[in-house]
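S.K.: here is my input; please provide its structure:
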Amino acid sequence: MSDIAVKTENLSKSYKLYKNPIDRLKESLNPFRKKYHHDFFALKNINFEIKKGETIGIIGKNGSGKSTLLKIITKILTPTKGHVITKGKISALLELGAGFNPELSGMENIYFNGAIMGYTKEEIDKKLSNIIAFADIGEFIEQPIKTYSSGMFVRLAFAVATNVDPEILIIDEALSVGDMFFQAKCMAKMKKMINKGITLIFVSHDTGAIKSICQKSILLDEGTIVDFDKSDKIVEKYFSMKVQNNQKTIHIQTKHKIFSNSDQFIKRASYQRIQNGMANFINVQLLDENENVIQHAEYEQNVILRMALQINNDMEKLAYGYHIRDKNGVDVVYSDSIIEDKNLLNLKKGNKYIIDWKFKNSLIHGIYNIACVLSIPIDTASSKVDFVDFIPIATQFKTEPRKKSYLYGNVHWNNIINIQEISS
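M.R.: Here you go, the predicted structure:
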């Protein structure tokens, strides 16, 4: 128990829901204790342990119980059943507005929010200059926060949460309203705190951030834990559930002869593959310039990503794309036919296509998975699509180390360098 930061045991939170407002009064006055309500469980039998220094993500669709769970951990809500044990000072950035008084100034709210989290005035005094500097909202620090934009508010809230030296940091989706520069600043701050051994609980719909920051993740659905595992596995399961909720999954056989060795692909592609039957990949291969199948690629080698697919229903439009992911499941490269303006049009049942993506391998040495996707574009502006076939591991390859010098970062960016000598 000494290494446990957060532990929940049979944790449940239920609410009484009444069909009509008057039913609450009728129930309270009924001499026979007749029930006029039904119980809604926001959380049901939640059990998990988080060790000190672990970084844990929590993902799930809206209404799955994520925010309720965090509010119970931070003691804002009381559970209906079960209990939670926490060891260490907690700092939390929950839903926008939680723990702040809109009538008070930013400066006053620093102390107000700190007091709610259990910090004394003296403790906040020591951290005040760091909080103000990180928030970087200028003279607005003396104005009521009801005059703040959502971006300014989250700057202040994050600055308070992360600059009071907590042992447990809880972040609930709030960073999505900040500008991209501040988001990058926040991510860097969190990674610095992680390196110092803080325990982090991070809720976000940004699955890339979850995989990048969190060692493990909890998948919630309808108030229960679906799974608790490594973040890349949980993200894939979450993605699969999203597709299955929107579409009927049809399992079809893919025994075709376009490629003679497609049996290996079928076996590899079966892992968490999601299909709706309208079209499907037959094979995906990585090739060299001579169209030989390869599993190793040299740095700056020209390669071909070849996709073979067939159409099972008449369609007006079909998009296709790929993700290249590192060993942690984090997207390093992404492209699709919507971005490239190369969608397939006016497709007929029975049509088969071979699509070649040609590019130069600019990846740092390591092992990579390629995920492939077919989709029907719905709204290009919002990137909304209906998924047709998604394969998390369509093929794999290894990039060999660069011979000239070591590469930093995941991808080498080709630059044109211009040097001018300025005479004094």
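S.K.: tell me which element F265 is part of?
M.R.: Element membership of F265 [criterion: DSSP states H and E] is helix 262-269.
S.K.: break this structure into its domains for me.
M.R.: 4-231, 247-399 (automatic domain parsing).
S.K.: could you dump those domains into JSON lines and include mean pLDDT and distance to V411?
M.R.: C-betas here are computed from N, CA, C, even on glycine. Shown next, in JSON lines, are the domains of the chain (pLDDT from 0 to 100; distance: least, CB to CB, whole Å):
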{"stretch": "domain 4-231", "mean pLDDT": "87", "distance to V411": "15"}
{"stretch": "domain 247-399", "mean pLDDT": "83", "distance to V411": "5"}
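S.K.: and K146, its phi and psi?
M.R.: phi -70, psi -10 (degrees, to the nearest 10).
S.K.: how close does it sit to D172?
M.R.: Using CB to CB, to the nearest Å, K146 is found at 21 Å from D172.
S.K.: between these two, which one's more packed in?
M.R.: D172 (22 against 11; other CB atoms under 10 Å).
S.K.: please report how far that one lies from G277.
M.R.: Taking CB to CB, one finds D172 at 38 Å from G277.
S.K.: please, where are all the strands along the stretch 151-300 of the chain?
M.R.: 168-172, 199-203, 216-221, 224-230, 274-275, 279-287, 296-297 (DSSP state E, counting those that start in this stretch).
S.K.: out of those, which one sits most buried?
M.R.: strand 199-203 (a mean of 24; mean count of other CB atoms under 10 Å).
S.K.: who does it touch, helix- and strand-wise?
M.R.: Counting contacts by 3 or more CB pairs under 8 Å, 6 or more residues apart in numbering; DSSP states H and E, strand 199-203 is packed against strand 4-18, strand 37-51, strand 55-59, helix 66-73, strand 168-172, helix 180-195, helix 207-213.
S.K.: just these: most buried one?
M.R.: strand 55-59 (a mean of 25).
S.K.: and that strand, C-alpha only, in CSV?
M.R.: Taking Å, rounded to 0.1, in the frame of the first residue of the first chain, the C-alpha atoms of strand 55-59 are listed here in CSV:
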residue,chain,number,x,y,z
THR,A,55,0.8,8.4,-15.6
ILE,A,56,-2.7,7.2,-16.3
GLY,A,57,-5.1,8.3,-19.0
ILE,A,58,-8.9,8.0,-18.8
ILE,A,59,-10.9,7.9,-22.1
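S.K.: contact partners of that strand?
M.R.: Strand 55-59 is contacted from outside by 50, 66, 69-70, 194, 199-205, 207, 210, 213-220, 231, 234-235, 238, using CB atoms under 8 Å, 6 or more residues apart in numbering.
S.K.: likewise stretch 223-243?
M.R.: Counting by CB under 8 Å, 6+ apart, 13, 41-48, 57, 59-61, 64-65, 68, 207, 210-211, 214-221, 249, 272, 274, 328-330, 387, 390, 392 sit against stretch 223-243.
S.K.: for K352, find the nearest of the strands of the stretch 151-300 of the chain.
M.R.: Nearest to K352 among the strands of the stretch 151-300 of the chain is strand 279-287 (7.4 Å), distances taken as CB to CB.
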